[in-house]
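> quick one, fold the following:
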Amino acid sequence: MATQTITLIKAKEVQELLAVSRDKLRQLIRDGVVPRPIQLGPKTRRWDRAEVLACVRARSAA
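Purely as a prediction, here's the structure:
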């Protein structure tokens with residue numbers, strides 16, 4: 001059985017990958033364009049890097 005490594009990234013890295021501001025990132029999450037973050041703790045949220053890169057590819061294809 002193969003194991004899959006998940007790389008978690010912070011909001012700032014998501015913003016850089018998508019080239020958007022913090023407010024625009026929030027809007028994209030609300031609109032369902034960007035996946036919701038994974039809640040790791042009360043104030044800790046991270047995104048799966050592979051999912052974010054899939055969004056980047058989808059945005060560039062559109």
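> just checking, what packs against whichever strand or helix holds residue 26?
If you go by DSSP states H and E, residue 26 is part of helix 22-30. Packed against helix 22-30, as judged by 3 or more Cβ pairs under 8 Å, 6 or more residues apart in numbering; DSSP states H and E, are the following elements: helix 11-18. Heads up, the C-betas are built off the backbone N, CA and C, glycines and all.
> pull the residues that contact the helix it packs on.
Outside of helix 11-18, the residues that reach it under the criterion Cβ atoms under 8 Å, 6 or more residues apart in numbering are 9, 21-22, 24-25, 28, 34, 37, 45, 47, 49, 52-53, 55-56, 59.
> contact partners of the top helix by length along the chain?
Using DSSP state H, we find that the single longest helix of the chain is helix 49-61. Surrounding helix 49-61, the residues in contact under the criterion Cβ under 8 Å, 6+ apart are 6-9, 13-14, 17-18, 33-35.
> the same query, at a cut-off of 7 Å, please.
Applying Cβ atoms under 7 Å, 6 or more residues apart in numbering, the contact partners of helix 49-61 are 7, 9, 14, 17-18, 33-35.
> hmm, which of these are the buried ones?
When neighbours are counted using 16 or more other Cβ atoms under 10 Å, the contacts of helix 49-61 contain these buried positions: 9, 14, 17-18, 34.
> could those go into a markdown table alongside distance to residue 2 and pLDDT?
Conversion of the buried ones among the contacts of helix 49-61 to a markdown table gives the following (distance: Cβ to Cβ, whole Å; pLDDT from 0 to 100):
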| residue | distance to residue 2 | pLDDT |
| --- | --- | --- |
| 9 | 22 | 98 |
| 14 | 27 | 96 |
| 17 | 26 | 92 |
| 18 | 29 | 91 |
| 34 | 27 | 93 |
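> which of these lies closest to residue 41?
residue 9 (15.8 Å; Cβ to Cβ).
> what's the closest one in contact with, if anything?
With the criterion set at Cβ under 7 Å, 6+ apart, residue 9 makes contact with 46-47, 49, 52.
> go again using 6 Å as the cut-off
Contacts were defined as Cβ atoms under 6 Å, 6 or more residues apart in numbering; by that measure residue 9 touches 47, 49.
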